[in-house]
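**Student:** here is my input; please provide its structure:
(one chain, ligands or ions: 2)
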Amino acid sequence: MSRRKVLVYRQLPPDQLARIEQAHDVVVANPRVDGQRDAFLNALPTVEGMIGSSYPIDEEVLKQAPRLKVISSISVGLDKFSLHAVGRRGIMLCHTPGVLTETVADLLFAMVLATSRRVAELARYVRDGRWDRSVGEDLYGWDVHGKTMGIVGYGRIGQALAHRAALGFNMPVLYHTRTPVPSGLPEGRALAVTLRDVLMGSDFLVLVLPLTEQTRGLIGPQEFALMKPGAILINGARGPIVQEAALLHALQHGPLRAAGLDVFDTEPLPVDSPLRTHPKVLALPHVGSATHETRQAMCEMATTNLLLALQGKPPLAAYAPVPSM
Ligand SMILES: NC(=O)C1=CN([C@@H]2O[C@H](COP(=O)(O)OP(=O)(O)OC[C@H]3O[C@@H](n4cnc5c(N)ncnc54)[C@H](OP(=O)(O)O)[C@@H]3O)[C@@H](O)[C@H]2O)C=CC1
Ligand SMILES: O=CC(=O)O
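**Tutor:** Ligands and ions are numbered 1, 2, ... in the order given. Alright, predicted model coming up:
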């Protein structure tokens, strides 16, 4: 097999980098790191494979990479890629579904618990030396068990979250997805409903669907207006699915009691973003899959995808372009 030029545009564990170096000529250059952007741009004209995540691989980048055949993303979400250009060019775009499902569902549930039981706020209270008497009602939280869990996007992660909610916390589940799917839960524990009904019926509304042309701005003023007073929103999907101004309004004037956000319109979250310090917001730095075990598994899968695809073999998971009509 001939050696190809591969651009690694995000840090990879040494064992995975070594697997690629054994077979191919590697340039490591992360365009987000000071001093590496030029190396990234200089590599583009001759690369045949790329592996990385987070950085937008848009039409502009793809135009500069005329020999590119394979992109292996260390993520399940593919919103950082210009899917039209990838499809048009016949580039094989691989990703890492499945290996992160349980870990992301764990974090989503952690956000449900943390927002409702005010974990971050209470920990800060102790740390700041303010625990000089028993905690008053102003710092009480709200029960999680038995409340209604609403899930928008009932794929791998949505279903793993529903299991935690229904079977671990005795929560009735409402879920919404475009294509009807069975709940995978015992009879009567979950109901497939319209988006409107999830919004109206949920105590917790968890978003875990891809960012697409259809889902951008999906949750705006009209959707917030349908939600229960005191509902909690958890966005574990992508920032732009929620309209930020409407979110801030819903936090200030209702109906939202709190929001747990792992994702934002702009990441890293700008220093002056009102979401950074909002008292009702639990903001996390996009860490749904960030455990040692899961990130290792994702990097392994992405590396395998890259190596297989460069050999002309089917990767473990790839995006299938929608054929143009
Ligand atoms: N915060 C983090 O760190 C992470 C975030 N994510 C996000 O979670 C998303 C889901 O991952 P995963 O569960 O593995 O993906 P899946 O593809 O298994 O599930 C996605 C679900 O969303 C549904 N969906 C897609 N479009 C719409 C729509 N317009 N309206 C309603 N439902 C829709 C899909 O069903 P159908 O198409 O039939 O409607 C499917 O049920 C990723 O795309 C990513 O954005 C993933 C990993 C980590
Ligand atoms: O956001 C993370 C992903 O894997 O997608």
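
**Student:** every contact and neighbour count from this point should use C-alpha atoms.
**Tutor:** OK.

**Student:** so what's the residue nearest the centre of the chain up against?
**Tutor:** In the chain, the C-alpha nearest the mean C-alpha coordinate belongs to residue 237, at 4.2 Å (Cα atoms, centre = their mean). Residues in contact with residue 237 (Cα atoms under 8 Å, 6 or more residues apart in numbering) are 207-211, 262-263.

**Student:** make it 6 Å
**Tutor:** 207-209 (Cα atoms under 6 Å, 6 or more residues apart in numbering).

**Student:** same question, residue 97
**Tutor:** Here residue 97 is in contact with residue 76 (Cα under 6 Å, 6+ apart).

**Student:** measure it to residue 131 for me?
**Tutor:** 44 Å (Cα to Cα, to the nearest Å).

**Student:** output stretch 13-27 as PDB, nothing but the C-alphas.
**Tutor:** Extracted in PDB, the C-alpha atoms of stretch 13-27 (Å, rounded to 0.1, in the frame of the first residue of the first chain):
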ATOM      1  CA  PRO A  13      -2.800   9.900  21.800                       C
ATOM      2  CA  PRO A  14       0.800   8.800  21.000                       C
ATOM      3  CA  ASP A  15      -0.300   5.100  20.300                       C
ATOM      4  CA  GLN A  16      -2.800   6.200  17.700                       C
ATOM      5  CA  LEU A  17      -0.500   8.700  16.100                       C
ATOM      6  CA  ALA A  18       2.100   5.900  15.800                       C
ATOM      7  CA  ARG A  19      -0.400   3.700  14.000                       C
ATOM      8  CA  ILE A  20      -0.900   6.400  11.400                       C
ATOM      9  CA  GLU A  21       2.900   7.200  11.100                       C
ATOM     10  CA  GLN A  22       3.600   3.500  10.500                       C
ATOM     11  CA  ALA A  23       1.600   3.600   7.300                       C
ATOM     12  CA  HIS A  24       1.600   7.200   6.100                       C
ATOM     13  CA  ASP A  25       3.500  10.500   6.100                       C
ATOM     14  CA  VAL A  26       2.100  12.600   8.900                       C
ATOM     15  CA  VAL A  27       1.900  16.400   9.400                       C
END
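
**Student:** which residues does that stretch contact?
**Tutor:** Against stretch 13-27 from outside (Cα under 6 Å, 6+ apart): 3-7.

**Student:** by neighbours, which of those wins?
**Tutor:** residue 6 (27 neighbours; other Cα atoms under 10 Å).

**Student:** pretty sure that one sits in a strand.
**Tutor:** Yes: checked against DSSP: H, G, I helix; E, B strand; the rest coil, residue 6 lies within a strand.

**Student:** check contacts around it.
**Tutor:** So residue 6 contacts 26, 47, 49-50 (Cα under 6 Å, 6+ apart).

**Student:** highest neighbour count among those?
**Tutor:** Highest neighbour count within the contacts of residue 6, by other Cα under 10 Å: residue 49, with 26 neighbours.

**Student:** these two touch, right, it and residue 73?
**Tutor:** No: contact criterion Cα atoms under 6 Å: residue 49 and residue 73 do not qualify, at 10.9 Å.

**Student:** circling back: could you dump the contacts of residue 237 to a markdown table with neighbour count and pLDDT?
**Tutor:** Shown next, in a markdown table, are the contacts of residue 237 (neighbours: other Cα atoms under 10 Å; pLDDT from 0 to 100):
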| residue | neighbour count | pLDDT |
| --- | --- | --- |
| 207 | 24 | 99 |
| 208 | 25 | 98 |
| 209 | 22 | 98 |
